[in-house]
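A.B. asks: Could you look at this predicted model? Sequence included:
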Amino acid sequence: MQKLFLNAEICETVDNKSEKDLQQFICDNWKKLFPEYTFIAQEFRLKGNVHGLGKSGRIDILAYHTNGKMFAIFELKKDYNDNVASQAANYACFIQNKFTDVYVEAKEKHRAAIPKIAEIDKEEVEIILIAKTFSEIQISQAKKSKESITLIEYCWFADDILFLDYVHNAPAVKVDEAVGPDKKKKPTKIEVEKMTWDELVNRMNPNRKKKFQNIKPDSKENITKLRKLIPKSWATKTKTKYNALYKRLDEFEEQLEKYE
């Protein structure tokens, strides 16, 4: 999302908005603020031992990341504290362990427009934390975390103007959505199939890209690891780049066998 720069002398900041106000404003303007996510529900209840203390929990906003093919947890705080990240991590773990239950709840109770259960990544849950500000330590912790964490700072101005600033894990701009004279067309299936391994990896969703960047297909062991990182559900007729990844691995394996 692009930043909106405002003149502080003209736009007066508002400090009397509560977390509930923020949550409702985001829900009311969901498609404008988070077009790449499908809204499922606010105050989504997780039933069971969520925090290891025999207590259930409520996610501020549960959504589905259309490009990432995974559930996304939005936790909103006026004043951020480290407990929020821990709480969100518990929610993510619970969704992974109770994936089918959460899917059924989202699909049947909330009538969420999400794909079939087999098409959703069961191993990944994105965490989006929204607060007025994050410290350098908190941002550093998010960068080092094994979880997929997005940090967004917000500022509320008069006349209901909300400013959102991604301070970590900002979404990449899609090539086919770029504007201006340098706009490029989305590559064709044939063009994708001709791409190198690195080019294919760079086209991945950022959450998945991290898994592939540190492993190169330069040995049978690494090729086996990489195959395991590509679920069969990815390699469908509609997901050309993942079919191309499989094809590259086969090619690399054949080359290795020639020189053994």
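C.D. replies: Okay, I see it.
A.B. asks: Go ahead and confirm residue 128 touches residue 150.
C.D. replies: Yes - contact criterion CB atoms under 8 Å: residue 128 and residue 150 qualify, at 4.5 Å. Yep, even glycine has a C-beta here, placed from its N, CA and C like the rest.
A.B. asks: show me what contacts residue 98?
C.D. replies: 46, 48 (CB atoms under 8 Å, 6 or more residues apart in numbering).
A.B. asks: which other helices and strands contact the one helix or strand residue 87 maps to?
C.D. replies: Per DSSP states H and E: residue 87 is located in helix 82-97. When contacts are defined as 3 or more CB pairs under 8 Å, 6 or more residues apart in numbering; DSSP states H and E, helix 82-97 packs onto strand 37-46, strand 57-65, strand 70-77, strand 125-131, helix 136-144.
A.B. asks: how about JSON lines for those, with mean pLDDT, mean neighbour count and distance to residue 87 added?
C.D. replies: Converted to JSON lines, those look like this (pLDDT from 0 to 100; neighbours: other CB atoms under 10 Å; distance: least, CB to CB, whole Å):
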{"stretch": "strand 37-46", "mean pLDDT": "93", "mean neighbour count": "19", "distance to residue 87": "11"}
{"stretch": "strand 57-65", "mean pLDDT": "93", "mean neighbour count": "22", "distance to residue 87": "7"}
{"stretch": "strand 70-77", "mean pLDDT": "93", "mean neighbour count": "23", "distance to residue 87": "7"}
{"stretch": "strand 125-131", "mean pLDDT": "92", "mean neighbour count": "24", "distance to residue 87": "10"}
{"stretch": "helix 136-144", "mean pLDDT": "85", "mean neighbour count": "13", "distance to residue 87": "14"}
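A.B. asks: Now distance to residue 166 too, for the ones you listed, in CSV please.
C.D. replies: Formatted as CSV, the helices and strands packed on helix 82-97 follow (distance: least, CB to CB, whole Å):
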stretch, distance to residue 166
strand 37-46, 14
strand 57-65, 14
strand 70-77, 13
strand 125-131, 10
helix 136-144, 11
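A.B. asks: between these, which gets nearest to residue 170?
C.D. replies: strand 125-131 (11.4 Å; CB to CB).
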